[in-house]
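Novice: sequence and predicted structure are below.
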Amino acid sequence: MVDPREIKQANQRGSARLAAVQALYQMDIGQQSLEDTLSQFENIRAGREVEGEQYLPADADYFRHIVRGVVQHQLKLDPIIDSALQGGWPMTRIDATLRALLRAAVFELTQRKDVPFRVVIREYVDVALAFYDDEVPGMVNGVLDAVAQKHSEGYEGPAKA
């Protein structure tokens, strides 16, 4: 039997991941500082209604960890993403939302060894489904799977549905 506290933590981390992607997008497009963005999302957006959608309360510490981690490691993350993208689509050719999503996911895959790769991939595919309804979620799955295979020991491939 699953402990309800584990479900709540997982849901809060999922919300933190979604909020982190939104914050990273806003920083990319709006040229906002890290601290201004963190403050805005923590005080206004995390765990509330955003553009008509109701979100679960986010794990604020995890949200900050992802956003700060992406900013700190971006010069390492972008080449990893570039090498995993297929068909000559460098980071500069993908839209800002997808860039933010891939940066957050690859940060977790490469820097958070305590979080199972399958969990990270599944969660960010779910985030992609919140923004895209075409082939993008499948592409996200493929890119993250390629990153996980290249940057992990013992990765066994994508989880079977």
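Specialist: Cool, got the structure. Numbering: from 1, shown residues only.
Novice: just give me the longest helix of the protein.
Specialist: helix 4-30 (DSSP state H).
Novice: so what's Met27 closest to, chain neighbours aside?
Specialist: If the residues on either side of it in the chain are set aside, Met27 comes closest to Thr37, at 5.1 Å by C-beta to C-beta, 6 or more residues apart in numbering. (C-beta placed from N, C-alpha, C; glycine too.)
Novice: next up, the contacts around that neighbour.
Specialist: Applying C-beta atoms under 8 Å, 6 or more residues apart in numbering, we find Thr37 in contact with Ala23, Gln26, Met27, Val67.
Novice: tell me the confidence at it?
Specialist: For Thr37, the model assigns a pLDDT of 76.
Novice: what's the most distant pair in the contacts of Thr37?
Specialist: Taking every pair in these and measuring C-beta to C-beta, the maximum separation is 10.1 Å, between Gln26 and Val67.
Novice: who has more neighbours, those two?
Specialist: Ranked by neighbour count (other C-beta atoms under 10 Å), Gln26 and Val67 place Val67 first, with 26 against 18.
Novice: where's that one, which helix or strand?
Specialist: Using DSSP states H and E, Val67 maps to helix 60-84.
Novice: what's the mean pLDDT across stretch 83-95?
Specialist: On average, stretch 83-95 scores 80.
Novice: how near is Arg64 to Ala128?
Specialist: Note on Arg64: its distance to Ala128, by C-beta to C-beta, to the nearest Å, is 22 Å.
Novice: on that earlier part again, tell me the angle the following helix or strand past the helix holding Val67 makes with helix 60-84.
Specialist: Sequence order places helix 96-111 as the next helix or strand after helix 60-84, per DSSP H and E. Helix 96-111 runs at 100 degrees relative to helix 60-84, counting by axes from the mean of the first three to the mean of the last three C-alpha atoms, to 10 degrees.
Novice: which residues touch stretch 59-73?
Specialist: Against stretch 59-73 from outside (C-beta under 8 Å, 6+ apart): 9, 12-13, 15-17, 19-20, 23-24, 27, 34, 37-38, 41-42, 46, 77, 103-104, 107-108, 110-111.
Novice: now stretch 85-98
Specialist: With C-beta under 8 Å, 6+ apart as the test, stretch 85-98 has contacts from 21, 25, 28-29, 78, 81-82, 99, 102, 128, 131-132, 136, 139-140, 142-143.
Novice: show the buried residues in those residues.
Specialist: Buried by 16 or more other C-beta atoms under 10 Å: 21, 25, 78, 81, 99, 102, 128, 131-132, 136, 139-140, 142-143, out of the contacts of stretch 85-98.
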